[in-house]
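Participant: any chance you could fold what I've pasted below:
(chains A, B, C and D)
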There are 2 protein chains.
Amino acid sequence: MTDDRRSGCPINLTLEVVGDKWSLLIIRDMMFGNRRHFRELLTKSEEGISSNILADRLKTLLDADIITREDDPSHKQKGIYSLTEQGIELLPVLAQMAAWGYQYLPVSEELGIRARLLSEGGPKMWAEFMDELRETHLGQVRRRKGPSVGERLQAAYESVVNRT
Amino acid sequence: MTDDRRSGCPINLTLEVVGDKWSLLIIRDMMFGNRRHFRELLTKSEEGISSNILADRLKTLLDADIITREDDPSHKQKGIYSLTEQGIELLPVLAQMAAWGYQYLPVSEELGIRARLLSEGGPKMWAEFMDELRETHLGQVRRRKGPSVGERLQAAYESVVNRT
DNA sequence: GCCAACTGATTGCGATTTGCAACTGGTTGT
DNA sequence: ACAACCAGTTGCAAATCGCAATCAGTTGGC
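Facilitator: Here you go, the predicted model:
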């Protein structure tokens, strides 16, 4: 783990931290799938990450202060992973990638619906969702106003999945 | 070059196309550095990409319809690479990554100034810059209104570099 | 107390990807 | 004619990836 950087360009530095094929997917699952434990991230991943890669990426993300880990009081071996403020602020990056992928790539209907809603909702919806994440991951209190963005996204996803 | 995808998730599909350490840097150089030839991308890159990687990534980006290549009439061997509409629409992704990197990573002053301006300018400035890119890369005409975003970013960069 | 199932990982190992350096075959300017 | 320039290609060693098996500790059921 050397910290020599290729350049001081913000885009490059960001890529050096999360510019691989897995890190952002892990963060996506933590944000949209509410995965907080190792096993959840391992087995409920759409793409099937393997355990050594997951362990390695979690370590990297911990080092980069994008997530934190604390012990689960209900199980001595379980750890709970949480997003930090920095991690939560990666949401706009994910949202833009989702919007781009939704527009130009062969996205499946079930998995695309969230991207569509999030894209249509725009930065305002993103900010609201980030507030919800701050509540779930940082324990901050949020002034509620109706159904959460997370709930709405989940409901839309299920409605597509259950449609016969 | 198999086209089996890990999942139909828009974020995953986007990562499968540009989720490596170099592709987005090449696109960045084409957008902000106005690099259009192989040599320009190779030698004027901040990070020092090697020629085989560059050739490989350009091929991938061509296949993904993010860039196009045409012969340079002024030199039989030279090719001119241009961004497609899809490629230009990656700007918001880059802008968000730049904003995140600028806020949380040890960005150098010279290379950070563009990120700061672009972040402060927000989606409106991004749209304007994308229009300029459509002009340069797609040959579209643009209704001009004062100095271009590209010129403003470049001027800011040079002013930081030349400051003693 | 015993044991199966579950927990977060780690290890071994072959396949792939990366990246440096040298090189190729062709073009251009002088 | 010849040096400089052009877009790549090739060889090869090192690093990374990803699958499967394994590990050691924890928990719940009986």
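Participant: residues in contact with A:L105?
Facilitator: Residues near A:L105 by Cβ atoms under 8 Å, 6 or more residues apart in numbering or on different chains: B:10, B:13-14, B:17. (C-beta placed from N, C-alpha, C; glycine too.)
Participant: most surrounded residue in these?
Facilitator: In terms of neighbour count, B:P10 stands highest of the contacts of A:L105 at 29 neighbours, by other Cβ atoms under 10 Å in any protein chain shown.
Participant: among the contacts of A:L105, which are in helices?
Facilitator: If you go by DSSP state H, the contacts of A:L105 have B:10, B:13-14, B:17 in helices.
Participant: what is the nearest of these to A:R116?
Facilitator: Set against A:R116, the nearest of those by Cβ to Cβ is B:P10 (9.0 Å).
Participant: what's the spacing between that closest one and A:E16?
Facilitator: Applying Cβ to Cβ, to the nearest Å, the value for B:P10 to A:E16 is 24 Å.
Participant: where along chain A do the strands fall?
Facilitator: Using DSSP state E, the strands of chain A run over A:67-71, A:79-83.
Participant: ok, now which ones touch the spatially closest residue to A:E135 that is not a sequence neighbour?
Facilitator: Excluding the flanking residues, the one nearest A:E135 by Cβ to Cβ, 6 or more residues apart in numbering or on different chains is A:R142, at 4.4 Å. Listed by Cβ under 8 Å, 6+ apart, the contact set of A:R142 reads A:131-132, A:134-135.
Participant: quick one, which of the residues you listed are buried?
Facilitator: A:132, A:134 (16 or more other Cβ atoms under 10 Å in any protein chain shown).
Participant: restricted to helices, list the contacts of A:R142.
Facilitator: Of the contacts of A:R142, the ones assigned to helices by DSSP H are A:131-132, A:134-135.
Participant: list the contacts of the residue most central in space within chain A.
Facilitator: Using Cα atoms, centre = their mean, the residue of chain A that lies closest to the mean C-alpha position is A:R28, 2.5 Å off. Going by Cβ under 8 Å, 6+ apart, A:R28 touches A:94, B:9, B:11.
Participant: give me the distance from stretch A:34-44 to the chain's centre.
Facilitator: With Cα atoms, centre = their mean, to the nearest Å as the basis, stretch A:34-44 stands 12 Å off its chain's centre.
Participant: anything in it near DNA strand C?
Facilitator: Yes - legend: contact between stretch A:34-44 and DNA strand C by Cβ under 7 Å from any atom of the strand is shown at A:37-40, A:42.
Participant: among those residues, who's most crowded?
Facilitator: Neighbour max across these (other Cβ under 10 Å) = A:F38, 18 neighbours.
Participant: how many other residues sit next to A:I80?
Facilitator: A:I80, neighbours per other Cβ under 10 Å, totals 16.
Participant: that one touches A:R36, doesn't it?
Facilitator: Yes - between A:I80 and A:R36 a contact is recorded at 5.1 Å, counting by Cβ atoms under 8 Å.
Participant: which of the strands of chain A sits most buried?
Facilitator: strand A:79-83 (a mean of 19; mean count of other Cβ atoms under 10 Å in any protein chain shown).
Participant: list the helices and strands it packs on?
Facilitator: If you count contacts as 3 or more Cβ pairs under 8 Å, 6 or more residues apart in numbering or on different chains; DSSP states H and E, strand A:79-83 packs onto helix A:23-32, helix A:38-43, strand A:67-71, helix A:109-138.
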